[in-house]
Structures are given as structure tokens and as C-alpha cells.
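> Fold the stuff below for me.
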Amino acid sequence: MRAVLDPNVIISGVLSAGSAAAQTLTALDRGEFELIASDTLLEELGRALAYPKLRSRIEADDAASVVHWLSQTATLVPDPGVDPPVHSSDPGDDYLVALASVHRAALVSGDKHLLGLAGEIPVFSPREFLALLAGT
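Below you'll find the predicted structure:
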């Protein structure tokens with residue numbers, strides 16, 4: 001199975017060890033799914049991890065390690081440069097929809113704007129994605 005992880009899921013996984021987001025990162029590390037990522041996704045993650053609010057909880061070296069790990073673990077693909085099949089109410093998230101759509105991947109997010117598209121595209125919360133991986 002292929003998946004695109006919204007940067008918010010990655011950050012939540014780093015911050016909350018027992019969370020569904022953290023379990024999703026563990027599943028990735030175990031090779032239970034193929035992560036699809038692009039330069040735009042990794043850049044957004046890097047920017048978010050540098051925010052002062054997060055920097056007080058995630059050291060710069062740890063943030064860099066997370067981005068590096070993902071860049072080595074993921075299947076890196078070019079940014080799709082196409083209009084997504086549906087649009088989020090937050091236009092900044094449309095690249096995630098396009099990325100998942102072009103690469104036939106599930107989109108995993110905690111973002112209400114994206115989760116609201118569940119009837120139109122395969123988008124899952126981390127908990128729902130883990131259940132999908134488990135076959136339940």
C-alpha cells in the first residue's frame with residue numbers, strides 16, 4: 001500500500017510517542033507501507049519543524065534527522081504539477097491531494113479540511129490508516 005503522510009501527522013508522531021501518528025511512523029519504519037513524498041512535502045515539514053513553537057519541543061538536530069530519515073525512507077517523486085481531482089477548503093493542502101491522487105496513494109492526515117474529503121478521495125486519519133493496514 002502507498003501513502004502520503006501530511007506533515008502534521010509526522011510532527012504529531014514525533015511529539016506524541018504513543019499516538020496513532022507515532023504508530024504510523026513505526027509502521028513505515030517496519031516497511032508496512034510505501035511512503036510517497038515530494039520536495040514540497042519535505043520542505044513544508046522542514047519549515048514547520050523550525051517554527052519556534054515546535055523548536056522548543058524538537059531540537060534542530062532531531063528535526064533534521066526526521067527530515068533526513070523520511071527523505072531516505074520515502075519514494076521521492078516529482079511534485080505532480082497538476083490540478084487535484086478535488087480541492088480542500090485550504091488551498092495550501094491541494095498539493096497533498098494531487099500527490100496522493102497521481103501516485104494512487106492513501107492520504108493520511110489529521111487536518112479536518114482534508115478529512116472532510118473522505119467521500120471523494122481515499123483520505124484517512126492515522127487511526128483509520130492503521131486499521132486499514134491491519135485489515136480491520
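> By residue count, what's the longest helix in this protein?
Across the chain, the helix with the greatest residue count (assigned by DSSP state H) is helix 60-73.
> How about residues contacting the helix or strand that comes right after that one?
Next in sequence after helix 60-73, counting helices and strands by DSSP states H and E, comes strand 75-76. Applying Cβ atoms under 8 Å, 6 or more residues apart in numbering, the contact partners of strand 75-76 are R2, E34, L35, I36, A37, S38, D39. No exception for glycine: its C-beta is placed from N, CA and C like everyone else's.
> After strand 75-76, which helix or strand is next?
Per DSSP H and E, the first helix or strand lying C-terminal to strand 75-76 is helix 94-102.
> Give me the contact list for the helix or strand just after that following helix.
Using DSSP H and E, the helix or strand that follows helix 94-102 in sequence is strand 106-108. Contacts to strand 106-108, defined as Cβ under 8 Å, 6+ apart, come from residues 1-6, 9, 24, 96-97, 100, 114, 121-126, 129, 132.
> Show me how far strand 106-108 is from its chain's centre.
Distance of strand 106-108 from its chain centroid, counting by Cα atoms, centre = their mean, to the nearest Å, is 7 Å.
> Paired strands for that strand, with orientation please.
Strand pairing for strand 106-108, determined by DSSP bridges: strand 2-5 (parallel), strand 123-124 (parallel).
> Quick one: closest of those strands to A63.
Among the strands paired with strand 106-108, strand 2-5 comes nearest to A63, with 15.8 Å by Cβ to Cβ.
> Can you list the buried residues in that closest one?
Of the residues in strand 2-5, A3, V4, L5 count as buried by neighbour count, 16 or more other Cβ atoms under 10 Å.
> ok, now how distant is the nearest residue to the second one once chain neighbours are set aside from D62?
Using Cβ to Cβ, 6 or more residues apart in numbering and skipping the chain neighbours, the partner closest in space to V4 is A100 (4.3 Å). Separation of A100 from D62 (Cβ to Cβ, to the nearest Å) stands at 27 Å.
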